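Asks: okay, predicted coordinates and the sequence, questions at the end:
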Amino acid sequence: MKRSLVIGTFVGVGLFTALIAWYGASDVAAGLLAMGWGIVLVSIVRFLLTVFDMLSWRVLLHRRDRQTLLRLFWIRWVADSVNTLLPVARIGGEFLRAHMLYRRGINGAVAGASVMVDVTAGIFTQLIFSIVGVFAFVLLVGSSANTALNLYIGLALFAAGVAGLLAIQRSGLFTWLARYSERMVDGRKWHNLAGATIEFDAAVAALYRDNRSIAMCCFWRIAGWIAGTAEVWLILYFLGHPISLAEAFILESLGQAARSAGFMIPGGLGVQEGGLILIGTHLGLTPELALSLSLAKRAREVMVGVPCLIAWQTIEGRGIWQRLRNPC
C-alpha cells in the first residue's frame, strides 16, 4: 500500500507538472488570478457542501449515538481535509472519522459500520451522478461513437465495482476471513479479532436493513453531488467564462468520476486536471481555462483544509500534553 502511494504520488506530480508546463504556467496562473476574491466565496460554498456530507452520515447513526451537528461537522471536516491534502488514497480520512467517533464513546463496530455504509452510499450515488452526466454529455455535445463507447465502458466498469463492493459488505466476508485466520493460528488475539469482525458485520447488515436511513443517506449524498455543480459554475463565472448549469453539471459529474478513478494518486493530482481538459474542450473551454478551473478547486481545498488540519493537530497535541502531565 505504501509503495503504491509513493508510486502514485510520483505519477500524479509528474502528470500535473507536465500539463501545466505544456499549456503554459503563465497563462494558467493568469486565469486563476483573475478570480480575485471570488475564491473566498467558492471556499464558503465548500463548507456548505460539507454539510450535505455530514447529514448523509448522521442519518445512519442511531439516535442514542448521534453527536451534535457541530461535532459531526467538525469530524467530517477533518476527515475530508485529510483525504484531500494528505497521501492516504482517500481512505485515511474515513478510518479517522470512525476513530474520532469511537473516542467519543460510540461502539467501535457501530462507528466503523456507519462510515463504511456512508462511503458506499457516496460511491453508489456518484455512479448515478456520473450516469446522468455521461448521457447529458452525449446529448449536449453530440460526441463521436468512439467517445460515447469509451464513456459507457467506463460506466460499466464503475457499476461492476460498486456491485462488487456491496456484495462483499453483505456477504459477511470479514467474519469469514477472521474465522478462517482463527483456525489457522490459535490464540487470544485471533479470537478477539473474530468477535470484533462478527460485531462489525452485524452492524453493517443492520444498517442495510434500515431502508429509510439508507434512502435518506443517499438523498443527502445526491443533494451534495448536485450542489457541487454550483461550485463549478461559480468558479468559471469568476474566471470570466460563464457557462450554463447543464455544462457545469457535466464538468462536475465527469470530473469527479475521473478524480475517483485515480484514487491511488493523492488528491487525484494530474488525473483531475487531465479529465477536466478532456471534458472542457468538448464544452468550449480552452485547456488553459480547464486547468485554471482545476487549480481553483485545489486552491479552495487548501484554504478550507489547511486551517482545519492545523486546528486538529493543535487540539490533539494539547490532549496528548495533558495526558502526559496527568498520567493517572
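Replies: It's in.

Asks: contacts and neighbour counts: CA atoms only from here.
Replies: Noted.

Asks: what's Leu285 sitting at in phi/psi?
Replies: Leu285 adopts backbone torsions of phi -90, psi 140, taken as degrees, to the nearest 10.

Asks: report the contact partners of it.
Replies: If you count contacts by CA atoms under 8 Å, 6 or more residues apart in numbering, Leu285 has them with Ile277.

Asks: just the pLDDT for it.
Replies: Per-residue confidence (pLDDT) for Leu285: 89.

Asks: Ile222: what's its closest spatial neighbour, skipping adjacent residues?
Replies: With CA to CA, 6 or more residues apart in numbering as the criterion, Ile222 has its nearest non-adjacent residue at 5.9 Å, and that residue is Thr125.

Asks: right, and that neighbour touches Met216 too?
Replies: No: assessed by CA atoms under 8 Å, Thr125 is found out of contact with Met216, at 11.8 Å.

Asks: avg pLDDT for the helix or strand hosting Ala159?
Replies: Using DSSP states H and E, the secondary-structure element containing Ala159 is helix 145-170. In this model, helix 145-170 has an average pLDDT of 80.

Asks: picking that back up, and the residue nearest to Ile222, how close does it get to Ile226?
Replies: Using CA to CA, to the nearest Å, Thr125 is found at 10 Å from Ile226.

Asks: neighbour-wise, which of these two wins?
Replies: The residue with more neighbours, out of Thr125 and Ile226, is Thr125; 22 against 18, by other CA atoms under 10 Å.

Asks: pLDDT score for that one?
Replies: Looking at Thr125, the pLDDT reads 94.

Asks: element containing it?
Replies: helix 108-141.

Asks: three-state assignment of Arg104?
Replies: Under DSSP: H, G, I helix; E, B strand; the rest coil, Arg104 falls in the coil class.

Asks: per-residue confidence for it?
Replies: 88.

Asks: before we move on, what about Pro266?
Replies: pLDDT at Pro266 comes out at 67.

Asks: which residue ranges form the strands in this structure?
Replies: For the chain, no strands turn up when DSSP state E is the criterion.

Asks: would you map the helices across it?
Replies: 2-23, 25-33, 38-58, 69-85, 92-102, 108-141, 145-170, 173-184, 188-209, 211-238, 245-261, 271-282, 287-325 (DSSP state H).

Asks: quickly, which of those bottoms out on average pLDDT?
Replies: Across the helices of the chain, the stretch with the lowest average pLDDT is helix 173-184; it has a mean of 48.

Asks: also compute the angle for the helix holding Ala159 relative to helix 245-261, please.
Replies: 60 degrees (axes from the mean of the first three to the mean of the last three CA atoms, to 10 degrees).

Asks: who are the packing partners of helix 145-170?
Replies: Contacts of helix 145-170 with other secondary structure elements, assessed using 3 or more CA pairs under 8 Å, 6 or more residues apart in numbering; DSSP states H and E, are made with helix 108-141, helix 188-209.
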